[in-house]
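Student: for reference, the sequence and a predicted model appear below.
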Amino acid sequence: MTYAKEKEVAIAAATAAAKLCEQVRADIPQAIEKKDKSPVTVADFGAQAIICQALAAAFPDDPVVGEEDAKELRKPEMAETLTKVTHYVQALSPDATPEDVTRWIDHGNGQVSSRYWTLDPIDGTKGFLRQDQYAVALALVENGEVKVGVLACPAMPLDGGQTGALYVAVRGEGATMVPLSGGEPQRLQVVMADDVANFRFVESVEAAHGDQSKQNAIAQAVGITTESFRVDSQAKYGIVASGKAALYLRLPSPKYPDYRENIWDHAAGAIVVEEAGGRVSDMYGQPLNFAEGSKMMNNRGIVVSNGTIHDQVIAALAEN
């Protein structure tokens with residue numbers, strides 16, 4: 001089966017959502033607190049609305065498992081925020097009403113099934129608020145396998161002084177990057193072992209997102225001697241896929257040893273790296289499980305590599 005329509009719709013939706021996010025970011029948005037205390041902005045809600053609207057129109061039978069829902073937005077005290085969200089959505093969908101916006105957002109309240117989309121409208125919200133890296137992440141999953149993945153990274157620096165990258169992958173068709181501003185797709189290929197300048201590793205900016213001391217020890221154990229560089233969001237997957245790093249590690253934090261990863265935080269990035277020639281697994285070498293629920297309860301930690309060092313990383317983890 002080809003996924004030409006799915007790819008086309010996903011690219012258009014993620015690109016539109018990234019445009020909305022950048023418009024919001026230019027206005028230096030005020031953060032709202034979710035129950036889990038992570039910041040969320042009108043851009044999260046607006047991006048989810050735009051993408052869910054497009055998916056519902058093109059694939060009405062496909063559930064969408066997204067990060068946000070509109071429950072808080074419907075509260076009377078959130079009326080001003082809902083008005084702001086609607087304003088930004090209207091720049092792309094002029095006839096949208098507040099009721100449309102909340103309905104589109106809640107289209108992302110679907111359940112994992114044999115075929116579904118998973119969406120993080122802004123992965124790396126703290127990076128977004130810092131005017132740094134973030135990603136709009138969208139993936140199609142069938143029978144537990146990611147088939148299409150799109151990552152829009154508006155702050156990603158590119159060669160030639162441009163900023164903004166769109167990473168796209170379809171299972172069996174390879175991965176490409178195209179500037180968000182437009183241009184020809186460039187084939188992605190993970191780094192080779194003899195590329196010393198790019199034989200490095202990336203990890204999250206937030207220390208609580210992993211075990212940074214152990215991550216550094218593992219990187220050194222497989223021959224990576226340069227200090228890590230830290231980046232928010234699934235932009236890290238794009239960096240590995242484009243050959244700018246050999247390894248991304250996200251090991252369980254000592255503070256949160258029982259934490260399990262959300263599917264929307266990894267699905268799109270995983271297929272982009274795999275189709276660029278790399279490998280993605282948990283810390284025990286097991287494939288990431290996108291078939292059972294919104295959290296990957298049977299996986300712990302994330303290992304993303306150029307492929308050639310993957311087995312070494314897993315072996316080093318087993319020894320530490």
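Tutor: All right, it came through fine.
Student: among the helices and strands of this structure, which has the poorest mean pLDDT?
Tutor: Least confident helix or strand of the chain, by mean pLDDT, DSSP states H and E, is strand 39-40 with a mean of 70.
Student: what distance separates the very next helix or strand once past it from the middle of the whole chain?
Tutor: Next helix or strand after strand 39-40 toward the C-terminus (DSSP states H and E): helix 42-58. Mean C-alpha position of helix 42-58 versus that of the full chain (CA atoms, centre = their mean, to the nearest Å) differs by 15 Å.
Student: what of stretch 82-99?
Tutor: In terms of CA atoms, centre = their mean, the centre of stretch 82-99 is found 24 Å from the chain centre.
Student: same question for stretch 234-245.
Tutor: Centroid separation for stretch 234-245 versus its chain: 12 Å, with CA atoms, centre = their mean.
Student: how long is that stretch from one end to the other?
Tutor: Counting by CA to CA, to the nearest Å, you get 13 Å between the two ends of stretch 234-245.
Student: helices of this structure, residue ranges please.
Tutor: 4-26, 42-58, 79-90, 98-106, 125-129, 212-221, 235-241, 267-275, 310-319 (DSSP state H).
Student: need these in a markdown table with mean pLDDT, mean neighbour count and distance to residue 70, can you?
Tutor: Just so you know, the C-beta spots here come from the backbone N, C-alpha and C atoms, and that holds for glycine as well. Formatted as a markdown table, those follow (pLDDT from 0 to 100; neighbours: other CB atoms under 10 Å; distance: least, CB to CB, whole Å):
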| stretch | mean pLDDT | mean neighbour count | distance to residue 70 |
| --- | --- | --- | --- |
| helix 4-26 | 96 | 20 | 16 |
| helix 42-58 | 97 | 26 | 7 |
| helix 79-90 | 96 | 19 | 8 |
| helix 98-106 | 98 | 20 | 4 |
| helix 125-129 | 88 | 22 | 17 |
| helix 212-221 | 92 | 18 | 35 |
| helix 235-241 | 98 | 29 | 27 |
| helix 267-275 | 98 | 28 | 22 |
| helix 310-319 | 97 | 16 | 40 |
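Student: a markdown table please, covering these and showing distance to residue 248.
Tutor: Shown next, in a markdown table, are these (distance: least, CB to CB, whole Å):
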| stretch | distance to residue 248 |
| --- | --- |
| helix 4-26 | 21 |
| helix 42-58 | 23 |
| helix 79-90 | 31 |
| helix 98-106 | 30 |
| helix 125-129 | 15 |
| helix 212-221 | 9 |
| helix 235-241 | 5 |
| helix 267-275 | 8 |
| helix 310-319 | 10 |
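Student: quick one: closest of those to residue 170.
Tutor: Among the helices of the chain, helix 4-26 comes nearest to residue 170, with 5.6 Å by CB to CB.
Student: show residues contacting the closest one.
Tutor: 41-43, 46-48, 50-51, 54-55, 58-59, 88-89, 91-92, 121-122, 128, 131, 134, 136, 138, 140, 147-148, 150-152, 154, 164, 166, 168, 170, 180 (CB atoms under 8 Å, 6 or more residues apart in numbering).
Student: okay, it in PDB with CA atoms only?
Tutor: Extracted as PDB, the C-alpha positions of helix 4-26 are listed here (Å, rounded to 0.1, in the frame of the first residue of the first chain):
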ATOM      1  CA  ALA A   4       0.700   9.300  -1.000                       C
ATOM      2  CA  LYS A   5      -2.500  10.900   0.200                       C
ATOM      3  CA  GLU A   6      -1.600  10.400   3.900                       C
ATOM      4  CA  LYS A   7       1.800  12.000   3.200                       C
ATOM      5  CA  GLU A   8       0.400  14.900   1.300                       C
ATOM      6  CA  VAL A   9      -2.300  15.700   4.000                       C
ATOM      7  CA  ALA A  10       0.200  15.300   6.800                       C
ATOM      8  CA  ILE A  11       2.700  17.600   5.200                       C
ATOM      9  CA  ALA A  12       0.100  20.300   4.500                       C
ATOM     10  CA  ALA A  13      -1.400  20.100   8.000                       C
ATOM     11  CA  ALA A  14       2.000  20.100   9.900                       C
ATOM     12  CA  THR A  15       3.200  23.000   7.700                       C
ATOM     13  CA  ALA A  16       0.100  25.000   8.400                       C
ATOM     14  CA  ALA A  17       0.300  24.300  12.200                       C
ATOM     15  CA  ALA A  18       4.000  25.300  12.200                       C
ATOM     16  CA  LYS A  19       3.000  28.600  10.500                       C
ATOM     17  CA  LEU A  20       0.400  29.200  13.300                       C
ATOM     18  CA  CYS A  21       2.900  28.400  16.000                       C
ATOM     19  CA  GLU A  22       5.400  30.900  14.600                       C
ATOM     20  CA  GLN A  23       2.700  33.500  14.400                       C
ATOM     21  CA  VAL A  24       1.900  32.900  18.100                       C
ATOM     22  CA  ARG A  25       5.500  32.800  19.100                       C
ATOM     23  CA  ALA A  26       6.200  36.200  17.500                       C
END
